[in-house]
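Chemist: Kindly generate the corresponding structure for this input.
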Amino acid sequence: MPPRPRLLPLSAALASVIATLLALPAQGQTLNELYDSARGYDATYQGARAQYDANVARAAQAKAGILPAVGLTAGVNRSNLDVDTLTGDNRGASASRNFNTQNVGINATQPLYRPANWATYEQGKRQAEIALAVFTTAEQDLIVRVSQAYFDVLASQDSLALVRAQKVAVAEQLASAKRNFEVGTSTITDSREAQARYDLVIAQEIAAENDLQVKKIVLDQLVGRPGSVPVPLAVPVVLPTAQPADINAWVAQADEVHPAIQQARLGLDVAGLEVQKAQAGHKPTLDANLGYNVTRNPTGTSTSTVGTRINAATVGVTFNLPLFAGFATENRIKETLALEDQSRSVLDGTRRSVAQATRAAYLGLVSGAGQVKALEAAESSSQSALDANKLGYQVGVRINIDVLNSQSQLFQTKRDLAQARYNVLLGNLKLRQANGTLTTADMDAINATLASNGSAPAVPSPTPPDRSFAPSTPVTPPSIPVVPPVPVQPFNPTPPTMPTAPVPPVIVNPPVR
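Modeler: Numbering: from 1, shown residues only. Take a look at the predicted model:
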C-alpha cells in the first residue's frame, strides 16, 4: 500500500482561525476597568447605594431623642368683647371692647433622663453599621457578577476559536479522505465518516457563535459599555493560589468579618436594645425646660384699658412617672424578649451557612486547581495520541475515524482546560466572597494574569499554516519497540466433584383395612 499524504498539522489548523478571532484589539478592557464601569451603571448596585444612604440618614434620626428641642413661637390675636351688666346699679347696661394681643417666645427642652431615648440612639448607631454591611455585600456581589460575565465571554471566545480550528482540521481530513478514495487507497467509508464529523462541527460552530453573542450582551448590559472587549489571559497562564492553604483559617476569618454575620450580630444587639426600651416603660423621665416669652397688649386687656407688655423668663424641670398602662409595658417586654431569641437563632444559622459556604468554596477551588493540572497533562497526552494516530494513518495502521476521534478528544480537552482555568480564577473571588473578605484589591491578582500590551495572549499568535500535503522528504515512521509477551499462567482448573445421588426413600405400605 502506498504511503498516505501528510495531514495538516494541528497547530496550523488552530492558527488559521484563532488569529482572526482572538487577536487583541487596539484597546481591550481589563477586569478592573469593566468593574469601574459597572459601578456607575448597574441598576442593582445603584439601588444598593441609594438604600445605604437612606439607612444612614434614618439611623442618624435616632440622635434627636437625646438632643435639645428648641422652638420659636409668635402670634397676633384681636379680641372683641361684649360685656353685659347683670347685677348692680348698672344692671342691663352693655358695653363693647376691642383689644389686640401680640406674643413671641422661644422655648427649649432638654431630656435629662430618658432611658428609651438613649436605647434608640444606640440602635441608630447599630443600624448605620448594618447598612454598611448590607452595602458591602452588594459591592462583593457586583465584583463576582462582573467577573462571571467577563470570564463567560472569554470562555465562549475560546470555545468558538477551538470549534473553528476543529472545523479546519476536519475539513483537511475530509479532503484527504476524498483524495485517498479517488486514488484507491481508502474506501468511501472514510469520506462519509469525515463528512459526518464536519457537519457536526458546523452545528457546534453555530451554537458557539450564538453563545458568544449572548454572553457579550450580558456583559455589555452589566457594565453599560456596548462592544466591550475583555482582555484574555496571558501566556504562560499563572493561576493565583488560595492563601492560607488551611480551610479552618478561612472559616475562622469568615466568622469575624463576614458582612452577613456582622449584620446578624448587630441585629442581635438591636434586639437587646429593644428590650431595654420596653423595660424603660416602667422608669420615670426627667426633662429640663427653658423659655423666654413676650406678650404685648397695646390697647389693654379684657380687664384693663392700659397698654401693657409682659416679659416672662421660665426655667424648670418636668418629672413623669408612669404608674399603670393597662399591662401594655409587661406584654411589650415579653414580645421583645422573644424577638431577641429569634435574632440569636438567626445569628447561629447565619454562622453555620457562612461556614458551610466557605468550606464548599475552598474545596471547589482546590478541586478546580487539581483539574487544571490534570487537564494540562491530558492536553499533552491527547496531542501525542493525535500525532500517533496521524502517523498511523499515513502508514496504514490506523483508519480515518481514529484520527477524527483523536481530534475531537484534543479539542474537547482544550475547551475543558480553558473553562477550568476560568473557574479557578472565579473560584478565588467566590472563596473570598464566601468568607466575606472580597474587595476590589483582590481583582489585581486577576488582572496580573491578563495579557498586557507587551505580553502574548493565552492563545499564542499563530503562524501561517502549511497547506502542502506532500513532504519534501519522505517521512520515516518512528521505530516501534517490541513489547515482550506477558507470561500467562496455564489454566488448569481442578475437575468439579460430582455429588452422589441420595438414597431413595423407603415407601411404607399403608395398613390394610
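Chemist: who's in contact with Leu222?
Modeler: Leu222 makes contacts with Ala38, Tyr41, Asp42, Arg145, Val146, Ala149, as judged by Cβ atoms under 8 Å, 6 or more residues apart in numbering. Where C-beta positions appear, they are placed from N, C-alpha and C, glycine not excepted.
Chemist: ChimeraX command for the buried members of those residues?
Modeler: The ChimeraX selection below is limited to those of the contacts of Leu222 classed as buried (16 or more other Cβ atoms under 10 Å):
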select :38,42,145,146,149
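Chemist: Go through the helix or strand encompassing Gln221 and flag the buried ones.
Modeler: Using DSSP states H and E, Gln221 sits in helix 188-223. Going by neighbour count (16+ other Cβ under 10 Å), the buried part of helix 188-223 is 190-191, 193-194, 197-198, 201, 204-205, 208, 212, 215-216, 219-220, 222-223.
Chemist: need the strands for the stretch 251-400 of the chain, in chain order.
Modeler: Assigned strands in the stretch 251-400 of the chain, in chain order: 285-297, 308-320 (criterion: DSSP state E, counting those that start in this stretch).
Chemist: need the contact list for Leu429.
Modeler: Contact partners of Leu429, counting by Cβ under 8 Å, 6+ apart, are Ile143, Val144, Ser147, Leu438, Asp442, Met443, Ile446.
Chemist: distance of Gln407 from Tyr198?
Modeler: For Gln407, the distance to Tyr198 (Cβ to Cβ, to the nearest Å) stands at 11 Å.
Chemist: Look up the residues that both of these two are in contact with.
Modeler: Residues touching both Gln407 and Tyr198 comprise Val170, with contact defined as Cβ under 8 Å, 6+ apart.
Chemist: which residues of the stretch 1-150 of the chain score low on pLDDT?
Modeler: Along the stretch 1-150 of the chain, the parts satisfying pLDDT under 70 run over 1-26.
Chemist: Repeat that for the chain.
Modeler: 1-26, 453-513.
Chemist: check contacts around Val153.
Modeler: Residues in contact with Val153 (Cβ under 8 Å, 6+ apart) are Leu212, Lys215, Lys216, Leu219, Pro230.
Chemist: nearest to Trp118, of the residues you listed?
Modeler: Relative to Trp118, the closest of the contacts of Val153 is Leu219; by Cβ to Cβ it sits at 50.4 Å.
Chemist: sec struct for the closest residue to Asp220 other than its chain neighbours, please.
Modeler: Nearest residue to Asp220, sequence neighbours excluded (Cβ to Cβ, 6 or more residues apart in numbering): Pro226, at 5.1 Å. Assigned by DSSP: H, G, I helix; E, B strand; the rest coil, the conformation of Pro226 is coil.
Chemist: Would you mind confirming that Pro226 is in contact with Ile217?
Modeler: No. Using Cβ atoms under 8 Å, Pro226 makes no contact with Ile217, being 9.4 Å away.
Chemist: so how far is the helix or strand where Val163 lies from its chain's centroid?
Modeler: Here Val163, judged by DSSP H and E, is contained in helix 115-183. Relative to its parent chain, helix 115-183 has a centroid offset of 9 Å by Cα atoms, centre = their mean, to the nearest Å.
Chemist: can you pull out the helices in this protein?
Modeler: Applying DSSP state H to the chain gives helices spanning 10-21, 31-39, 43-60, 115-183, 188-223, 247-257, 259-279, 328-395, 400-434, 442-447.
Chemist: I'd like the ones you listed written out as CSV, with distance to Gln102 added.
Modeler: Shown next, in CSV, are the helices of the chain (distance: least, Cβ to Cβ, whole Å):
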stretch, distance to Gln102
helix 10-21, 86
helix 31-39, 58
helix 43-60, 38
helix 115-183, 35
helix 188-223, 65
helix 247-257, 63
helix 259-279, 43
helix 328-395, 44
helix 400-434, 67
helix 442-447, 68
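Chemist: Tell me the buried residues in the longest strand along the chain?
Modeler: As assigned by DSSP state E, the longest strand anywhere in the chain is strand 94-113. Across strand 94-113, burial judged by 16+ other Cβ under 10 Å covers Phe99, Thr101, Asn103, Gly105, Pro111.
Chemist: if we can go back for a sec, between the helix holding Gln221 and helix 328-395, how big is the angle?
Modeler: 150 degrees (axes from the mean of the first three to the mean of the last three Cα atoms, to 10 degrees).
Chemist: Distance from helix 188-223 to the middle of the chain?
Modeler: Offset of helix 188-223 from its chain centre (Cα atoms, centre = their mean): 29 Å.
Chemist: still on that earlier bit, looking at the helices of the chain, which is closest to Leu239?
Modeler: For Leu239, the closest of those is helix 400-434, at 5.1 Å, according to Cβ to Cβ.
Chemist: Highest mean neighbour count out of the strands of the stretch 251-400 of the chain?
Modeler: Sort those by mean neighbour count, taking mean count of other Cβ atoms under 10 Å, and strand 285-297 sits at the top with a mean of 16.
Chemist: Okay, now the sheet partners of it, with direction.
Modeler: When pairs are called by DSSP bridges, strand 285-297 turns out to pair with strand 94-113 (antiparallel), strand 308-320 (antiparallel).
Chemist: who's in contact with Asp190?
Modeler: Ala177, Asn180, Phe181, Ile399, Asn400, Ile401.
Chemist: any idea how far it lies from Lys167?
Modeler: Distance from Asp190 to Lys167, by Cβ to Cβ: 18 Å.
Chemist: Same question for Tyr393.
Modeler: Counting by Cβ to Cβ, the separation of Tyr393 from Lys167 is 19 Å.
Chemist: more neighbours, these two?
Modeler: Each of Tyr393 and Lys167 has its neighbours counted (other Cβ atoms under 10 Å); Tyr393 has more, 26 against 21.
Chemist: what residues are up against the residue nearest to Asn320 when sequence neighbours are not counted?
Modeler: Closest residue in space to Asn320, ignoring its immediate chain neighbours: Thr285 at 4.8 Å, by Cβ to Cβ, 6+ apart. Contacts for Thr285 were tallied using Cβ under 8 Å, 6+ apart; they are Pro111, Tyr113, Arg114, Phe319, Asn320.
Chemist: Gln371: which of these is nearest?
Modeler: Among the contacts of Thr285, Arg114 lies closest to Gln371 (Cβ to Cβ), at 62.5 Å.
Chemist: For that closest one, which residues are in contact?
Modeler: When contacts are counted by Cβ under 8 Å, 6+ apart, Arg114 touches Gly65, Ile66, Ala280, Thr285, Leu286, Asp287.
Chemist: hang on, isn't the first one packed against Glu122?
Modeler: Think Gly65. No. Between Gly65 and Glu122 there is no contact under Cβ under 8 Å: 10.7 Å.
Chemist: picking up where we left off before, max pairwise distance over the contacts of Val153: which two?
Modeler: Largest separation among the contacts of Val153 by Cβ to Cβ: Leu212 and Pro230, giving 11.6 Å.
Chemist: From Glu330, how far out is the residue nearest to Gly272 when sequence neighbours are not counted?
Modeler: Leaving aside its sequence neighbours, Gly272 sits nearest to Glu340 (Cβ to Cβ, 6+ apart; 5.8 Å). Computed with Cβ to Cβ, the distance linking Glu340 and Glu330 is 16 Å.
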